[in-house]
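**Student:** fold the following for me, if possible:
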Amino acid sequence: MTKKTQRAKARAEKKPRIGEEHIRPDGSVIRYVREEDDDRKPVDHYRTVDTLALMLRNGSITGAMHDAGQQFSQDFARAFASGVASPKLDGLPRSTVPGQMMVEKNAGAARAVRNALDAVGGSGSPAGSALWYVAGLGQSVREWALRQGWAGKAISLHEAKGILIAGLGVLARYYGYDRSGSGRHRRTASAEATP
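**Tutor:** Coordinates of the predicted model:
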């Protein structure tokens, strides 16, 4: 075996430490974690780190901004049926309004997304674009800045973070998570947008 092959094999056998993070080429962050499988056996693997959670942890955004971003993300997932898949078939969201069909719930969530985007300046605004791609579609800030940016033009990572932070601040006031604003749209996690 050559030295080059031995070094490659040694690197492959070296396990990362639990909690170790890496930045992927697209700008997303992955963390090596230990979880249990269905048989309650420990399994070590990489998990993608949520951009908003990462920003909250490093102090870039407040808890109110994080919560507003999460609410937008949940509305977005319901509106476009792109939420996190449940391992159980009965994990589909249930209507809180008697007789409300899934289509009506999706339409209500789509209206909630549209209204939230209007609150930050519309879908064509810098903040609207940042929220759509980062909070809605789950792209990293870096990926949004380089691929979409604002009006289809790449922007710097520093500008992209500033735009997202500003949008989340407005969204936090709009939803009522930030008490300094005049938000009127705060809902509990179980509440649904009605048509």
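**Student:** do you know how far the residue lying closest to Asp178 once chain neighbours are set aside is from Lys41?
**Tutor:** Across the structure, with C-beta to C-beta, 6 or more residues apart in numbering as the measure, the residue nearest Asp178 apart from its sequence neighbours is Ala172 (3.9 Å). (Glycine included, C-beta is placed from N, CA and C.) Shown here: Ala172 relative to Lys41, a distance of 41 Å by C-beta to C-beta, to the nearest Å.
**Student:** quick one: least confident helix or strand in this structure?
**Tutor:** helix 3-13 (a mean of 68; mean pLDDT, DSSP states H and E).
**Student:** could you list the buried residues of the helix or strand encompassing Tyr32?
**Tutor:** Counting by DSSP states H and E, the element that carries Tyr32 is strand 29-36. Counting neighbours by 16 or more other C-beta atoms under 10 Å, one finds that the buried residues in strand 29-36 are Val29, Ile30, Arg31, Tyr32.
**Student:** pLDDT weak spots in the protein?
**Tutor:** Under the criterion pLDDT under 70, the flagged ranges of the chain are 1, 7-13, 26-28, 49, 81-105, 180-195.
**Student:** point to the residue nearest the middle of it.
**Tutor:** Ala135 (4.2 Å; C-alpha atoms, centre = their mean).
**Student:** just to revisit the earlier point, who has more neighbours, Ala172 and Lys41?
**Tutor:** Neighbours per residue (other C-beta atoms under 10 Å) separate Ala172 from Lys41, with Ala172 holding more: 26 against 7.
**Student:** shouldn't the more buried one be in contact with Gln71?
**Tutor:** No. Under the criterion of C-beta atoms under 8 Å, Ala172 is not in contact with Gln71, lying 9.4 Å apart.
**Student:** A strand includes Val43, no?
**Tutor:** Yes. Counting by DSSP: H, G, I helix; E, B strand; the rest coil, Val43 is part of a strand.
**Student:** separation between it and Asp37?
**Tutor:** Separation of Val43 from Asp37 (C-beta to C-beta) stands at 5 Å.
**Student:** same check on Ala135?
**Tutor:** Looking at Ala135 against Asp37, where the rule is C-beta to C-beta, the gap reads 30 Å.
**Student:** Leu137 too?
**Tutor:** Using C-beta to C-beta, which is the criterion applied here, Leu137 is 29 Å from Asp37.
**Student:** ditto for Ala160
**Tutor:** Relative to Asp37, and taking C-beta to C-beta, Ala160 is found at 37 Å.
**Student:** list the buried residues in the host helix or strand of Ala112.
**Tutor:** Assessed by DSSP H and E, Ala112 sits inside helix 102-119. Applying a neighbour-count criterion of 16+ other C-beta under 10 Å, one finds Glu104, Lys105, Asn106, Ala107, Gly108, Ala109, Ala110, Ala112, Val113, Ala116, Leu117, Ala119 buried in helix 102-119.
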